[in-house]
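>>> Below are the sequence and a predicted model for it; my questions follow.
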Amino acid sequence: MRVFLSCLVCRIVTFVLHKLGRGATSMPGKVALKVKRNVLKDLSENTKVIVVTGTNGKTTSCRILEEGLKKAGKSYFINKSGANLITGVTASFIMNSTITGKCKKDYAIIECDENAFKEVSRYIHCDVILVTNVFRDQLDRYGEVTHTLDNIRIGIENSKNAVLCVNADDSLCASLHDVL
């Protein structure tokens, strides 16, 4: 029942925001999470989830994966809006699900903020995790690069059954190879 309410409230907020001429990328997910904190667990249950994270190259990597799924004739959705924190990921899943919370697509390509991945991974079942890189250019947002690396590592540890793809050209990223 709470999944239904979470989906319903998200759709209502999205509708109202669109009518007001506003973007509806994060706020609907924020409201949905207030109704049911772990709604992502239910929404992602029967979907093959590919998560792309890292400091740079997430959007490009997602578009490459999208093109591959499109050419293979697979049904998928991707969170193109750029809302890559837990609220945006939640809204994206809800808008691609039935009102009862069953995802309408076989695959989800999720661009996930490198520091939000720790939290997002607690709620979704990742089938594939692609880590693009861990560069120092995000120091103004998250402090030392080892903090970002640790958050990605925790996200990977939360996804024990996932296939892990890391950028072997980035030594920090390559250090994650032994997590799973």
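Sure, I can see it.

>>> Asn151 contacts Lys118, doesn't it?
Yes - using C-beta atoms under 8 Å, Asn151 makes contact with Lys118 at a distance of 4.4 Å. Placement of C-beta: from N, CA and C, glycine included.

>>> what touches both of the two?
Applying C-beta atoms under 8 Å, 6 or more residues apart in numbering, one finds that no residue jointly contacts Asn151 and Lys118.

>>> separation between Ile86 and His18?
Ile86 sits 22 Å away from His18, going by C-beta to C-beta, to the nearest Å.

>>> just Val35 next, same as before
Taken as C-beta to C-beta, the span from Val35 to His18 is 20 Å.

>>> more neighbours, those two?
It is Val35, of Val35 and His18, that has more neighbours when counted by other C-beta atoms under 10 Å, with 16 against 12.

>>> Could I get the contacting residues of the closest residue to the more buried one other than its chain neighbours?
Once flanking residues are discounted, Val35 sits nearest to Ser6: 4.2 Å by C-beta to C-beta, 6 or more residues apart in numbering. Listed by C-beta under 8 Å, 6+ apart, the contact set of Ser6 reads 32-33, 35-36, 39, 94, 101.

>>> Please apply the same query to Leu172.
Neighbouring residues of Leu172 by C-beta under 8 Å, 6+ apart: 133-134, 145, 149.

>>> got a pLDDT number for it?
You'll see Leu172 listed with a pLDDT of 86.

>>> now do the one 5 residues further on
The predicted local confidence for His177 comes out at a pLDDT of 81.

>>> Is it in a helix, a strand, or coil?
helix (DSSP: H, G, I helix; E, B strand; the rest coil).

>>> For it, which non-adjacent residue is closest in space?
Nearest one to His177, counting by C-beta to C-beta, 6+ apart, is Val166 at 5.9 Å.

>>> Now for that neighbour, how many residues are close by?
What Val166 shows, counting by other C-beta under 10 Å, is a neighbour count of 22.

>>> How about Val131?
Neighbours of Val131 using other C-beta under 10 Å come to 31.

>>> Check Ser121 too.
26.

>>> go on, Thr55?
Residues near Thr55, counting by other C-beta under 10 Å: 26.

>>> a strand runs through it, doesn't it?
No - Thr55 is assigned coil when assessed by three-state DSSP, not a strand.

>>> from memory it sits against Glu114, does it?
Yes - if you go by C-beta under 8 Å, Thr55 and Glu114 touch, sitting 5.7 Å apart.

>>> So which helix or strand of this structure has the lowest pLDDT on average?
Ranking every helix and strand in the chain by mean pLDDT, DSSP states H and E puts helix 139-142 at the bottom, with a mean of 56.
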